[in-house]
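[1] okay, structure incoming, though there's no sequence with it:
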């Protein structure tokens, strides 16, 4: 499946924040990319441009392409509740995102690879679909044959993040998607209301 595989720092500089996680290159040059960088005179962005940027930021953050993202929005819009919040909750419930949140992979891109390379099980069954939607109570684990993989062990050793809606045991390399996170529990700096306004135009 097609996905963005280009330079991550350039995208982070476009949005003015390290959306892919810690990035030393971004810290050195946290101004817009391009020949003129900081000197480029950027006029006031239109309402549409601001909304579009927010949607692009969300898509790059979660590693989702347009058609998939639109399908998630339509699912969120059909559900009862706040559409923007439900959209982010659907993104958070993706298997690749949960693998990343649990610390099994250092980045979402790495998590996507670990899932598609058949290293992850859900409720004891092998799942290799990064977009697989988890439900509260689902048990996510590193499959037995993959527990000694250096990349996974290194990522878990360097992980210090704790999320209230997830549990994870480093010894068994198994965790639970306890509940759908509330908006306040999702750390991503995304203004989801702008995305809702864009799709509702």
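    Looks like it came in fine. Quick caveat: nothing in here was measured; it's all calculated off a predicted structure. Residues are numbered from 1 along each chain as shown.

[2] state the mean pLDDT of the top helix by length along the chain.
    Criterion DSSP state H: the longest helix present in the chain is helix 47-62. In this model, helix 47-62 has a mean pLDDT of 91.

[3] which parts of it are buried?
    Going by neighbour count (16 or more other Cβ atoms under 10 Å), the buried part of helix 47-62 is 51, 53-62. All C-beta spots, glycine's among them, are computed from the backbone N, C-alpha and C.

[4] give me the contact list for it.
    Helix 47-62 is contacted by residues 4, 11, 15, 19-20, 45, 64-66, 69, 88, 91, 94, 97, 108, 188, 190-192, 194-195, 197-199, 201 when judged by Cβ atoms under 8 Å, 6 or more residues apart in numbering.

[5] can you pull up the most central residue in the chain?
    Nearest to the geometric centre of the chain sits residue 62, at 3.0 Å (Cα atoms, centre = their mean).

[6] where exactly do the helices run in this protein?
    So, for the chain - with DSSP H - the helices run 8-15, 24-28, 47-62, 66-78, 83-92, 95-101, 108-116, 150-158, 192-199.

[7] where does the chain have low pLDDT?
    1-43 (pLDDT under 70).

[8] tell me, how many residues neighbour residue 193?
    Residues near residue 193, counting by other Cβ atoms under 10 Å, number 14.

[9] neighbours of the closest residue to it other than its chain neighbours, how many?
    Distances taken as Cβ to Cβ, 6 or more residues apart in numbering put residue 84 closest to residue 193, at 5.1 Å, once the chain neighbours are dropped. Residues within reach of residue 84, counting by other Cβ under 10 Å, total 21.

[10] check residue 86 too.
    22.

[11] for residue 93, which non-adjacent residue is spatially closest?
    That would be residue 134: by Cβ to Cβ, 6+ apart, it lies 5.0 Å from residue 93.

[12] so who does that neighbour touch?
    Counted by Cβ under 8 Å, 6+ apart, residue 134 has contacts 93-95, 98, 122, 140, 177.

[13] now do it against residue 95, distance only.
    6 Å (Cβ to Cβ, to the nearest Å).

[14] and residue 187, by the same measure?
    Taken as Cβ to Cβ, the span from residue 187 to residue 95 is 19 Å.

[15] outline the domain layout of this protein.
    8-90+187-199, 94-179 (automatic domain parsing).

[16] pick the most deeply packed of the ones you listed.
    domain 94-179 (a mean of 17; mean count of other Cβ atoms under 10 Å).

[17] hmm, residue 196 and the residue nearest to residue 193 touching each other?
    Yes: taking contacts as Cβ atoms under 8 Å, residue 84 lies within contact range of residue 196: 4.8 Å.

[18] now do stretch 77-86: distance from first to last residue.
    8 Å (Cα to Cα, to the nearest Å).

[19] who touches that stretch?
    For stretch 77-86, contacts defined as Cβ under 8 Å, 6+ apart pick out 73, 75-76, 182-183, 192-193, 195-196, 199.

[20] and it, how far out from the chain middle?
    19 Å (Cα atoms, centre = their mean, to the nearest Å).
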